[in-house]
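S.K.: I would like to see how this sequence folds:
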Amino acid sequence: MSKLKKLGSNMTEITFGEFPNRTCVLYSYDTPVAGYCNEIGAFRTNRSYSQTTTKHINKYFSIVATSSDIGKPVSPTEIKAILKRAYALEVEAV
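M.R.: Residues are numbered from 1 along each chain as shown. Sure, this is the predicted structure:
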């Protein structure tokens with residue numbers, strides 16, 4: 001079951017699945033920009049957005065990272081693919 005969690009102003013995390021098969025994605029405003037999945041670990045967008053979105057990503061990793069992991073750079077297309085896979089797995093589980 002997916003869960004939404006507001007982490008700050010214009011900063012929301014959506015979580016699919018349960019530990020250990022969990023996928024988390026950070027949205028800055030309405031754009032998915034960072035997160036974690038079992039396939040690749042922590043990830044962040046490789047695209048430049050606003051200063052505020054960069055602050056959101058940095059704040060996110062300071063909250064959720066267990067070390068100095070800043071996330072593997074991935075394309076926005078790859079982040080959308082991660083979301084699609086996580087959603088599909090959740091729908092299958094219902």
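
S.K.: Now do the lengthiest helix in the chain: which elements does it pack against?
M.R.: Assignment by DSSP state H gives helix 76-93 as the longest helix of the chain. The contact analysis (3 or more Cβ pairs under 8 Å, 6 or more residues apart in numbering; DSSP states H and E) places helix 76-93 against strand 11-16, strand 23-28, strand 31-37, strand 41-45. (Each C-beta comes from the backbone N, C-alpha and C, glycine too.)

S.K.: Scan the helices and strands of the protein for the one with the lowest mean pLDDT.
M.R.: helix 76-93 (a mean of 89; mean pLDDT, DSSP states H and E).

S.K.: got the CA positions of it in PDB?
M.R.: Coordinates of the C-alpha atoms in helix 76-93 are reproduced here as PDB (Å, rounded to 0.1, in the frame of the first residue of the first chain):
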ATOM      1  CA  PRO A  76      14.100  11.800 -15.000                       C
ATOM      2  CA  THR A  77      13.000   9.100 -17.400                       C
ATOM      3  CA  GLU A  78      14.700   6.500 -15.100                       C
ATOM      4  CA  ILE A  79      12.900   7.900 -12.000                       C
ATOM      5  CA  LYS A  80       9.600   7.700 -13.800                       C
ATOM      6  CA  ALA A  81      10.400   4.000 -14.800                       C
ATOM      7  CA  ILE A  82      11.200   3.300 -11.100                       C
ATOM      8  CA  LEU A  83       7.800   4.700 -10.100                       C
ATOM      9  CA  LYS A  84       6.000   2.700 -12.800                       C
ATOM     10  CA  ARG A  85       7.600  -0.600 -11.600                       C
ATOM     11  CA  ALA A  86       6.800   0.200  -8.000                       C
ATOM     12  CA  TYR A  87       3.200   1.000  -8.800                       C
ATOM     13  CA  ALA A  88       2.800  -2.100 -10.900                       C
ATOM     14  CA  LEU A  89       4.200  -4.300  -8.100                       C
ATOM     15  CA  GLU A  90       1.800  -2.700  -5.700                       C
ATOM     16  CA  VAL A  91      -1.200  -3.200  -8.000                       C
ATOM     17  CA  GLU A  92      -0.200  -6.900  -8.500                       C
ATOM     18  CA  ALA A  93      -0.100  -7.400  -4.700                       C
END
